[in-house]
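Student: Task: produce atomic coordinates for the following.
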Amino acid sequence: MTGPARLRISGITGAIAVAAGAFGAHGLHDLVTPERLQTWETAARYHLVHAVVLLVLALAPERTGRAFELLFAGSTVFAGSLYLLVLLDQPLLGAVTPIGGVLLIAGWLSIARSARSAPD
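Tutor: Numbers count the residues shown, from 1 in each chain. Model prediction:
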């Protein structure tokens with residue numbers, strides 16, 4: 001994946017995360033239970049944090065291994081499954097969330113692994 005494509009993906013991911021956070025803060029509070037709203041907030045927080053990490057990785061693509069792809073997939077699956085769980089009120093979707101978490105962990109470990117080949 002090219003640097004410009006990574007920048008576009010990180011920008012779009014960040015925009016979606018901010019929009020989702022705003023929607024949760026202003027549009028959901030009367031529609032879902034407090035527990036579901038907390039789930040939404042968790043999804044938006046993880047989504048936005050990882051959008052920032054994607055931006056950093058997009059600016060240094062030569063040393064990141066598969067971290068960008070893993071973190072993008074992980075944040076999409078993790079946050080996306082929680083957003084859908086809240087919107088559709090389908091608790092079964094929570095079973096998908098750990099897959100996103102595993103992808104996020106793998107992405108972070110990929111970053112750590114890339115430090116092995118970095119010059120001191």
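Student: Show the contacting residues for Thr97.
Tutor: Contacts for Thr97 (CB atoms under 8 Å, 6 or more residues apart in numbering) come out as Val77, Phe78, Ser81, Leu82, Leu85. All C-beta atoms are positioned from the backbone trio N, CA, C, and that covers glycine.
Student: now do 6 Å
Tutor: Listed by CB atoms under 6 Å, 6 or more residues apart in numbering, the contact partners of Thr97 are Phe78, Ser81, Leu82.
Student: Leaving out the residues flanking it, which one is nearest to the residue nearest the centre of the chain?
Tutor: What sits nearest the mean C-alpha location of the chain, by CA atoms, centre = their mean, is Ser75, with 2.3 Å. With sequence-adjacent residues excluded and distances taken as CB to CB, 6 or more residues apart in numbering, Ser75 is closest to His50, at 3.9 Å.
Student: Which helix or strand contains the one you found?
Tutor: Assigned by DSSP states H and E, His50 falls within helix 34-59.
Student: where does this protein dip in pLDDT?
Tutor: For the chain, the stretches with pLDDT under 70 are 117-120.
Student: quick one: the helices in the protein?
Tutor: Taking DSSP state H to define them, one finds helices in the chain at 3-26, 34-59, 67-88, 97-114.
Student: deepest of the ones you listed, which one?
Tutor: helix 67-88 (a mean of 21; mean count of other CB atoms under 10 Å).
Student: Quick check: which helices or strands does it pack against?
Tutor: When contacts are defined as 3 or more CB pairs under 6 Å, 6 or more residues apart in numbering; DSSP states H and E, helix 67-88 sits against helix 34-59, helix 97-114.
Student: Taking helix 67-88 as reference, get the angle to the last one.
Tutor: Read it as helix 97-114. Orientation note: helix 97-114 sits at an angle of 160 degrees relative to helix 67-88 (axes from the mean of the first three to the mean of the last three CA atoms, to 10 degrees).
Student: Can you add distance to Asp89 and give the helices and strands packed on helix 67-88 back as TSV?
Tutor: Formatted as TSV, the helices and strands packed on helix 67-88 follow (distance: least, CB to CB, whole Å):
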stretch	distance to Asp89
helix 34-59	7
helix 97-114	15
